[in-house]
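Peer 1: here is my input; please provide its structure:
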Amino acid sequence: VHLVESGGGLVQAGGSLRLSCAASGHDFSITARAWYRQAPGKQRELVASITSGGGGTDYADSVKGRFTIFRDNAKNTMYLQMRSLKPEDTAVYHCNAGYYSGTVYYPSPTWGQGTQVTVSS
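Peer 2: Prediction:
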């Protein structure tokens, strides 16, 4: 499977961005997906995850109410709509193809190259 993220950029605090993750090389609809982010000097953290059919989602507390994860299986693409962005959202955002065990998302070793999001104050 090959994942390619896009949509990052520089935005002022309070602004919005939509990230995309295009997948190829496998049946997109059968796997769960997630967005992670990694800021300089920090560990990679799970931002949001979504089930294979898109009916179940989960979010980190820091982004609840501001970010929305969704997917279009017909287009083999997953999205992250980000609103009310804050400087602390600045990071490289990566998408991942993984799976759920119960309500817990487990990442696979498959990662995209990432897309930079920078939020200025």
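Peer 1: check which helices and strands the strand or helix carrying residue 78 sits against.
Peer 2: Following DSSP states H and E, the helix or strand that holds residue 78 is strand 77-82. When contacts are defined as 3 or more C-beta pairs under 8 Å, 6 or more residues apart in numbering; DSSP states H and E, strand 77-82 packs onto strand 17-24, strand 32-38, strand 45-50, strand 67-72. Using the backbone N, CA and C atoms, a C-beta is placed for each residue, glycine as well.
Peer 1: which is the succeeding secondary structure element to that strand?
Peer 2: strand 91-101.
Peer 1: in its sheet, what does that next one sit against?
Peer 2: According to DSSP bridges, strand 91-101 forms sheet pairs with strand 32-38 (antiparallel), strand 104-111 (antiparallel), strand 115-120 (antiparallel).
Peer 1: what's the most buried one of those strands?
Peer 2: Highest mean neighbour count of the strands paired with strand 91-101: strand 32-38, a mean of 23 (counted as mean count of other C-beta atoms under 10 Å).
Peer 1: please enumerate residues in contact with that strand?
Peer 2: The contact list for strand 32-38, computed with C-beta atoms under 8 Å, 6 or more residues apart in numbering, reads 19, 21, 44-52, 69, 71, 78, 80, 89, 91-100, 105, 107, 114, 117.
Peer 1: of the residues you listed, buried ones?
Peer 2: 19, 21, 44, 46-52, 69, 71, 78, 80, 89, 91-98, 100, 105, 107, 114, 117 (16 or more other C-beta atoms under 10 Å).
Peer 1: where are the low-confidence patches of the protein?
Peer 2: Counting by pLDDT under 70, the ranges of the chain that qualify are 27-29.
Peer 1: starting at the chain centroid, how far to the strand holding residue 78?
Peer 2: 6 Å (C-alpha atoms, centre = their mean, to the nearest Å).
Peer 1: contacts for that strand, please.
Peer 2: So strand 77-82 is contacted by 16-23, 33, 35, 47-48, 50, 63, 66-72, 89, 93, 95, 117 (C-beta under 8 Å, 6+ apart).
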